[in-house]
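Novice: starting from these lines, generate the structure:
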Amino acid sequence: MNVAFIPVRGGSKSIPKKNIKIMAGKPLLFWCMDAACRCKYIEKVYVCTESEEIKQTVERIIDTDELYKKVEVIGRSEESASDTASTEQVMLEFAKTHIFDSITLIQATSPLLQTSELNKGFELFNSPDTDSVISVVHQYRFNWQYCDGGNVRAINYDIYNRPRRQDFEGYLVENGAFYITSRERLISTQNRVSGKIKCVEMDENSYFEVDEEKDWKMIETALLDRKKRTLKDNIPAIKIFLTDVDGCLTDGGMYYSDYGDELKRFNTKDGMGFKMLHEKGILTGIITSEDISLNERRSRKLKLDIYEAGCKNKEEKIAEISEKYGIPLKNICYVGDDINDENALKSVGFSCCPNDANEMIRKIVDYKANAKGGQGVIREVIDLILQENK
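Specialist: Numbering: from 1, shown residues only. Purely as a prediction, here's the structure:
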């Protein structure tokens, strides 16, 4: 059996709760976990942690898609979770209680890891005369080091024969994304790699690991850029479309007549969008924390299938809707705009928000619309879904 092993600790000095902090719309550890689950050679993925909060976060991810059913959360001792413990210590602790053929150590601080790179790693690992595989980045830099008297000297080129970049072979740098070795070698050498080692070259952006805030911002930008390029491939087949009202169907403004009647401004383009979904057999609905007749009248006029008002726990309500109609959460789209929508957005397969949504919400969604609330944002999302779900 080939297993992936992702050790994560609850304590992080530089970035609090780093491993479950939201990066590009998902907890940091999600990205490497997702890559491992999609690898055709990995049969089981173990997330090893002493943190109950991390455990609960991973379990929520597992429930979102059948793909993640190969993930299991296991504990680790206090000793192996300490600041001074080595990664090998927790790997050996795991090897004493689990049987497997090969182990792929994956570090959550390398979210740019891709499944294709893991697949390539296994193809090398299974090739002749190979005992271990590591991930690297090819660098083309001239390296120097200090020597006696505070002077420095070049260590990878001749300063009197400085090569041109195109003639410079450069060097390989271990980027810490993943390591593959056998259980037998791990136990006998007590090291993550040993023997005859081959490498997988990863993208230059993966040189950096998430250790400091400056790393976070840079890597998140690279991840978001990649996510935008692959967005169309990631939109699931939507069977239920749900949205909040204020700030999504409306501009969030509160209007009152001379008689004290509350008024809201809706967009007719959104209404046409709902009609288009109905024609495709997609269920539609509203989930709102408000309980006023105006919203209900709008729902009836749009002929929506679902109307849930006065909802204080939207995540729970969406789960109930999923169960009622027998449609998995991964096939549900939800559009929200404020912090009370956070958990609901994280629970569905395709999360969206208006361009003027709360800043935190804009960071966690799968798709941030160009339109603002009440200005056709729902129609924009619907057009995208129908385009990609032909």
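Novice: neighbours around residue 218, how many?
Specialist: When neighbours are counted by other CB atoms under 10 Å, residue 218 registers 14. Heads up, the C-betas are built off the backbone N, CA and C, glycines and all.
Novice: tell me the secondary structure at it.
Specialist: Secondary structure, DSSP: H, G, I helix; E, B strand; the rest coil: residue 218 is helix.
Novice: quick one: contacts for the closest residue to it other than its chain neighbours?
Specialist: Excluding its sequence neighbours, the residue lying closest to residue 218 (CB to CB, 6 or more residues apart in numbering) is residue 208, at 6.3 Å. Residues in contact with residue 208 (CB atoms under 8 Å, 6 or more residues apart in numbering) are 215, 218, 219.
Novice: skip the chain neighbours and tell me the closest residue to the first one.
Specialist: What that stands for is residue 215. residue 208 (5.3 Å).
Novice: quick check: that neighbour vs residue 193, distance?
Specialist: Separation of residue 208 from residue 193 (CB to CB, to the nearest Å): 21 Å.
Novice: again with residue 182
Specialist: Distance, residue 182 to residue 193, by CB to CB: 10 Å.
Novice: could you tell me which residues touch both of the two?
Specialist: Contact criterion CB under 8 Å, 6+ apart; residues shared by residue 182 and residue 193: residue 131.
Novice: tell me the helix or strand right after the host helix or strand of residue 59.
Specialist: Assigned by DSSP states H and E, residue 59 belongs to helix 52-62. Downstream of helix 52-62, the first helix or strand assigned by DSSP H and E is strand 71-74.
Novice: residues making contact with the next helix or strand after that following strand?
Specialist: Tracing the chain C-terminally past strand 71-74 and defining elements by DSSP H and E, one meets helix 87-97 next. In this structure, residues lying in contact with helix 87-97 by CB under 8 Å, 6+ apart are 5, 7, 46, 48, 74, 76-77, 79-81, 103, 105, 183, 186-187, 190-192.
Novice: mind listing what the longest strand seen in the chain pairs with, with the direction of each?
Specialist: Looking across the chain with DSSP state E, the single longest strand is strand 171-182. Next to strand 171-182 in the sheet, as set by DSSP bridges, lie strand 102-106 (antiparallel), strand 132-139 (antiparallel).
Novice: which of those strands has the highest mean neighbour count?
Specialist: Compared across the strands paired with strand 171-182, strand 102-106 shows the largest average neighbour count, a mean of 24 (mean count of other CB atoms under 10 Å).
Novice: what angle do it and helix 87-97 make?
Specialist: Strand 102-106 and helix 87-97 are oriented at 140 degrees to each other (axes from the mean of the first three to the mean of the last three CA atoms, to 10 degrees).
Novice: alpha carbons only: can I get strand 102-106 in CSV?
Specialist: Output of strand 102-106 as CSV, limited to C-alpha atoms (Å, rounded to 0.1, in the frame of the first residue of the first chain):
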residue,chain,number,x,y,z
SER,A,102,5.8,3.3,0.7
ILE,A,103,5.3,6.6,2.4
THR,A,104,5.0,10.0,0.8
LEU,A,105,5.8,12.7,3.2
ILE,A,106,3.9,15.9,2.2
